[in-house]
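**Student:** Below is the sequence, then the predicted model.
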Amino acid sequence: SSDRSKVAKQILSALFYAGTSLSLTLVNKALLTQYEFPSVLFVSLGQMTSLIVVVALARLFSVIKIPPCSRKTFRSALNYGGWSNPYATAYFLTSCTLGILLVYSTMLCTKYNTALATTIVGCLKNTFVTYFGMFYIGGYYFSLANFCGINM
């Protein structure tokens, strides 16, 4: 029973990490390209800010004990014209949420598995993202050298 629980935790944490990492990559890609969000740094800041809010709430309710932190903002992102687009805003907020889940799932996967297993899950996720991008997003031009390079 203890071994089964351990295996279940290993598998579920690896799947959680893979799903969260994949989701974050795809949401960030859409936000930055399809909705032309002007700042990668501001997206990262949004993810960090979301993390800070969650950590602050966890501190407030004595779930964790760490010192408070703060971050600066970027003027160009605050003046982003796409804030009025509900889809672009939803992608930004989803990106912030997935950023938190990615950090948590990475730690959880590493806790219940080896660092090597976490790395391999990340590599498998990257392979999926590459093929997804090739067939869904476009811009891939077939050549033997290109095909071999992607598959190595």
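**Tutor:** Right, received. Where do you want to start?
**Student:** From now on I want contacts and neighbour counts done on CA atoms only, so please keep to that.
**Tutor:** Noted.
**Student:** residue ranges for the helices of the protein, please.
**Tutor:** With helices called from DSSP state H, the chain shows them at 2-29, 40-60, 75-78, 86-112, 115-132, 144-151.
**Student:** Check the average confidence over the second one, would you?
**Tutor:** Put plainly, it is helix 40-60. Averaged across helix 40-60, pLDDT comes to 86.
**Student:** Not counting stretch 7-16 itself, show me its contacts.
**Tutor:** 105, 108-109, 112-113, 118, 121 (CA atoms under 8 Å, 6 or more residues apart in numbering).
**Student:** now what about stretch 126-136, what contacts it?
**Tutor:** 22, 25-26, 140, 150.
**Student:** Type out the PyMOL command that picks the buried ones from those.
**Tutor:** Selection of the buried residues among the contacts of stretch 126-136 in PyMOL, burial being defined by 16 or more other CA atoms under 10 Å:
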select buried, resi 22+25+26
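**Student:** Which of the contacts of stretch 126-136 sits closest to Ser50?
**Tutor:** Within the contacts of stretch 126-136, the smallest distance to Ser50 is 16.8 Å, found for Thr25 (CA to CA).
**Student:** ok, and the closest non-adjacent residue to that closest one?
**Tutor:** Val129 (7.8 Å; CA to CA, 6 or more residues apart in numbering).
**Student:** Could you measure from the one you found over to Leu31?
**Tutor:** With distances taken as CA to CA, to the nearest Å, Val129 is found 16 Å from Leu31.
**Student:** and the two? which has more neighbours close in?
**Tutor:** A direct count of neighbours by other CA atoms under 10 Å for Val129 and Leu31 places Leu31 higher, at 23 against 16.
**Student:** got the contact list for that one?
**Tutor:** Per CA under 8 Å, 6+ apart, neighbours of Leu31: 37, 88, 91-92.
**Student:** what sits against the most centrally placed residue in the chain?
**Tutor:** Of all residues in the chain, the one closest to the mean position by CA atoms, centre = their mean is Leu24, 3.2 Å from it. Each residue near Leu24 by CA under 8 Å, 6+ apart is listed here: 95, 98-99, 102.
**Student:** Mind doing that once more with 6 Å?
**Tutor:** Applying CA atoms under 6 Å, 6 or more residues apart in numbering, we find Leu24 in contact with 95, 98.
**Student:** Could you check the pLDDT of it?
**Tutor:** Reported pLDDT for Leu24: 80.
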